[in-house]
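K.L.:
Coordinates only, no sequence provided:
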């Protein structure tokens with residue numbers, strides 16, 4: 001009887017744990033406000049207008065800051081002579097604000113002598129509505145270069161440009177600083193960019209049975225996706241974030257589409273915008289905003305090359321950004337203008353993602369950190385979970401394991417107590433000429 005009860009407890013604990021770990025990605029985007037989700041672990045930092053006053057950033061950290069229209073802000077890096085450093089800035093205009101063509105930010109990394117190591121800008125073009133935009137800059141150690149190669153103090157400069165007709169409010173910034181691992185065999189790596197690669201779009205993926213995936217509201221809580229056709233809903237003014245694991249040697253293709261609407265047939269030229277960013281949040285590519293007139297419409301990213309270390313030597317930013325494996329981020333934004341003619345309820349959104357190519361080995365020595373695709377990453381993509389959801393599931397599982405362990409321990413202590421009591425009674429009875437208790441001592445566990 002005791003053994004049966006113990007089995008029920010164990011099975012119940014296992015069932016509960018399985019239920020937690022198998023939970024699908026739950027809804028976590030804020031469709032009502034369109035608010036961007038910042039990393040809750042981000043440390044507050046204030047950019048300096050004078051470089052010598054700049055605060056230092058630490059590798060592997062996330063920071064939150066802000067920038068005014070026309071402002072130029074410095075942040076400091078302390079670099080050695082061997083590490084490749086990447087710093088990204090996600091600019092988040094105020095919700096409901098106004099941006100104009102050409103507004104945006106430029107991120108550059110500079111030496112203490114103000115020599116530019118690299119720079120990238122993120123601009124609002126024909127899709128003139130506020131949404132998060134990202135750009136990065138980096139210092140890469142190269143044998144054939146004499147610029148930005150030595151150890152010492154370097155500066156990240158973030159510059160904001162806004163037209164006079166744009167909203168005057170501050171833009172929030174989310175800064176990330178990542179270091180690239182060292183190569184296992186530097187001499188064996190190609191030093192020239194690829195000349196060509198497969199550019200034909202593959203056949204569309206087969207829709208999954210359970211293909212509902214709700215996008216996140218930021219890079220931090222982006223929903224994990226694998227190859228497939230995924231359905232979601234997107235409200236006017238909302239930006240949804242997704243992430244896809246892309247390994248060395250693999251290519252990513254993506255298409256976003258809106259379903260039809262019976263509310264209107266008004267033509268909107270820049271209804272839907274889509275962008276692709278790499279694991280360091282460097283911008284890879286985006287598409288010309290999709291027009292919409294109430295009929296089904298879709299837009300696709302141009303083909304990008306397979307992930308390869310040598311892509312960094314290509315002068316094209318869209319090729320160069322495909323330089324390492326890891327999570328690649330897709331963001332989709334629906335213009336707030338759509339609400340004027342079609343209403344403010346969510347529109348049916350379809351996101352078709354396909355990753356092709358056989359995964360190759362990493363060129364790095366040791367732990368690659370964010371520049372790798374792990375089995376856990378693949379599992380998250382299959383389940384459609386974001387990073388925070390996965391962490392929550394793991395935490396809940398550990399609590400259940402702990403509770404099950406405590407429960408089993410309590411049952412064992414109780415059984416031993418009962419056995420001890422029965423043994424004492426039996427000894428007393430035997431001493432008095434009586435019989436031992438019926439059934440003898442309890443069975444061993």
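P.N.:
Sure thing, it's come through. Please read these numbers as outputs of a predicted model, since none were measured by experiment.
K.L.:
Show me the shaky parts of the chain.
P.N.:
1-34, 208, 394-445 (pLDDT under 70).
K.L.:
Show me the helices in it, by range?
P.N.:
Ranges of helices in the chain, per DSSP state H, are 2-21, 317-320, 338-342, 375-383, 387-431.
K.L.:
thinking residue 156 is in contact with residue 78, fair?
P.N.:
No. With contact defined as C-beta atoms under 8 Å, residue 156 and residue 78 do not form a contacting pair (11.9 Å). C-betas here are computed from N, CA, C, even on glycine.
K.L.:
higher neighbour count, the two?
P.N.:
residue 156 (27 against 13; other C-beta atoms under 10 Å).
K.L.:
how close does the more buried one get to residue 93?
P.N.:
From residue 156 across to residue 93, the span is 20 Å (C-beta to C-beta, to the nearest Å).
K.L.:
just residue 314 next, same as before
P.N.:
31 Å.
K.L.:
now residue 330
P.N.:
Residue 330 is 20 Å from residue 93, by C-beta to C-beta.
K.L.:
which ones are touching residue 38?
P.N.:
64, 172, 174, 218, 220 (C-beta atoms under 8 Å, 6 or more residues apart in numbering).
K.L.:
can we see that at 6 Å?
P.N.:
By C-beta atoms under 6 Å, 6 or more residues apart in numbering, the contact set of residue 38 is 64, 174.
K.L.:
now do the one 5 residues further on
P.N.:
Going by C-beta under 6 Å, 6+ apart, residue 43 touches residue 63.
K.L.:
Name whatever forms a beta bridge with it.
P.N.:
residue 63 (DSSP bridges).
K.L.:
just the one 5 residues further on next, same as before
P.N.:
Bridge pairing for residue 48 (DSSP bridges) gives the partners residue 74.
K.L.:
I figured it hits residue 56, correct?
P.N.:
No. Counting by C-beta atoms under 6 Å, residue 48 stays clear of residue 56, with 11.0 Å between them.
K.L.:
quick one: which of those two has more around it?
P.N.:
Taking other C-beta under 10 Å, residue 48 and residue 56 do not tie; residue 48 has more neighbours (16 against 11).
K.L.:
now that one: how far from residue 360?
P.N.:
With C-beta to C-beta as the criterion, residue 48 and residue 360 are 42 Å apart.
K.L.:
re earlier: neighbour count for residue 314 and residue 93, which is higher?
P.N.:
Legend: neighbour count by other C-beta under 10 Å for residue 314 and residue 93, higher for residue 93 (25 against 19).
K.L.:
contacting residues for the more buried one?
P.N.:
So residue 93 contacts 99, 130, 171 (C-beta under 6 Å, 6+ apart).
K.L.:
Now tabulate those in JSON lines and tack on neighbour count and distance to residue 292.
P.N.:
Listed next are the contacts of residue 93 as JSON lines, based on neighbours: other C-beta atoms under 10 Å; distance: C-beta to C-beta, whole Å:
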{"residue": "99", "neighbour count": "23", "distance to residue 292": "20"}
{"residue": "130", "neighbour count": "25", "distance to residue 292": "19"}
{"residue": "171", "neighbour count": "28", "distance to residue 292": "27"}
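K.L.:
Output these in JSON lines, with distance to residue 320 appended to each entry.
P.N.:
Below are those laid out as JSON lines (distance: C-beta to C-beta, whole Å):
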{"residue": "99", "distance to residue 320": "26"}
{"residue": "130", "distance to residue 320": "27"}
{"residue": "171", "distance to residue 320": "26"}
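K.L.:
Which of those sits closest to residue 150?
P.N.:
Nearest to residue 150 among the contacts of residue 93: residue 171, at 33.1 Å, using C-beta to C-beta.
K.L.:
okay but the closest one is in contact with residue 69, surely?
P.N.:
No. Here residue 171 lies out of contact with residue 69, judged by C-beta under 6 Å, at a distance of 8.2 Å.
K.L.:
The residue nearest to residue 252 when sequence neighbours are not counted bridge partners, please.
P.N.:
Nearest residue to residue 252 in three dimensions, chain neighbours excluded: residue 246, at 5.0 Å (C-beta to C-beta, 6 or more residues apart in numbering). Residue 246 forms beta bridges with residue 326, as assigned by DSSP bridges.
K.L.:
likewise residue 252?
P.N.:
Under the criterion used (DSSP bridges), residue 252 bridges to residue 355.
K.L.:
how much space is there between it and residue 354?
P.N.:
Applying C-beta to C-beta to residue 252 and residue 354 gives a distance of 7 Å.
K.L.:
When these two are compared, which one has more neighbours?
P.N.:
Neighbour comparison, residue 252 and residue 354: the larger count goes to residue 252, with 23 against 19 (by other C-beta under 10 Å).
K.L.:
Surely the more buried one and residue 242 touch.
P.N.:
No. Under the contact definition of C-beta under 6 Å, residue 252 does not touch residue 242, with a separation of 11.3 Å.
K.L.:
Tell me where the stretch 1-150 of the chain has strands.
P.N.:
Ranges of strands in the stretch 1-150 of the chain, per DSSP state E, counting those that start in this stretch, are 43-44, 61-67, 72-79, 84-92, 104-111, 116-123, 133-139.
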